[in-house]
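> okay, here's the prediction I keep looking at, along with the sequence it came from:
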Amino acid sequence: MASPIAHPRSRSFSRPWAAALALGLGFAAPASAHPHVWVTSKAEIDYGEGGKVTGIRHAWTFDASYSASAIQGLDANGDGTVSPDELAGLATDNTAGLAEFAYFTKLKIGGKEQVFADPVEPRMRLDGDKLILSFLLPLKAPVAQGRAVAALEVADPTYFVSFSLSEDADTARLVGSPAGCAATITRPKPAEAKTADIKAAGAKTADAKPGLSEAFFEALTSASNYGAQFANRIIVACP
């Protein structure tokens, strides 16, 4: 299974997870534990002419351990800081590499799943000791929401990356939306995976217990629904 977040030295999202870990990503968790990368996310839902949803603008803050490893060797001018310009290549590579994982993003409007075009405006910057990746994920065709519900879900189906929604006031923003539209955040319950969830992900009965092996997670693919139980959702309703 390919790693969605690779070490910058490899500039590749096609390395196996074990190889990525061997490159020294510096995770605090033991190699047998999942997840391996922690991301705190914010999302902006953009609306255009006629109240049509046009895209999602993500802002993902990576944990300090991954961030420290990712910026190694990127201080090109040796001034002791890593600027957005020095991070531009990593931002572009990481954003493009997420295509295999559908950008960890699912948007349904009126129950119909939407299709995204290629991402644009990839950027990375350091905020203290944490990297922030932002990019705009446009819809291939803008969709009028009307009175239908828009549901945005951010999750890694393989649970290599753990996404959690920020606690900040601007975590779920609506830009250009029709008057009266409002966003509601739902977060996963902090409970361990249940046997039914594991079976649905394709695990053997013997593996359906806490403390799953790394082999179980490596067998998961982007088509797996294992990570759905940890999904964060933003629900938008309009009058």
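Structure received.
> please make it C-alpha for all contacts and neighbour counts, starting now.
Fine.
> strands of this protein, start to end?
All strands of the chain, identified by DSSP state E, fall at 37-47, 52-62, 105-109, 112-113, 120-127, 130-144, 150-154, 161-165, 172-175, 182-186, 232-237.
> now those strands in TSV, with distance to Ala70?
Output for those, formatted as TSV (distance: least, C-alpha to C-alpha, whole Å):
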stretch	distance to Ala70
strand 37-47	12
strand 52-62	10
strand 105-109	23
strand 112-113	33
strand 120-127	11
strand 130-144	9
strand 150-154	22
strand 161-165	15
strand 172-175	27
strand 182-186	30
strand 232-237	25
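> can you tell me which of these has the worst average pLDDT?
With a mean of 91, strand 161-165 has the lowest mean pLDDT of the strands of the chain.
> which elements pack onto it?
Applying 3 or more C-alpha pairs under 8 Å, 6 or more residues apart in numbering; DSSP states H and E, we find strand 161-165 packed against strand 37-47, strand 232-237.
> okay, now the sheet partners of it, with direction.
Sheet partners assigned to strand 161-165 using DSSP bridges are listed as strand 37-47 (parallel).
> buried ones in the strand it pairs with?
37-47 (16 or more other C-alpha atoms under 10 Å).
> orientation of that strand relative to strand 52-62 in degrees?
Taking axes from the mean of the first three to the mean of the last three C-alpha atoms, to 10 degrees, one finds strand 37-47 and strand 52-62 inclined to each other by 160 degrees.
> mind listing residues that contact strand 37-47?
Contacts of strand 37-47 with the rest of the structure, by C-alpha atoms under 8 Å, 6 or more residues apart in numbering, involve 27, 53-63, 66, 160-166, 170-177.
> reformat the helices and strands packed on strand 161-165 as JSON lines; add distance to Glu153.
Putting the helices and strands packed on strand 161-165 into JSON lines (distance: least, C-alpha to C-alpha, whole Å) gives the following:
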{"stretch": "strand 37-47", "distance to Glu153": "10"}
{"stretch": "strand 232-237", "distance to Glu153": "4"}
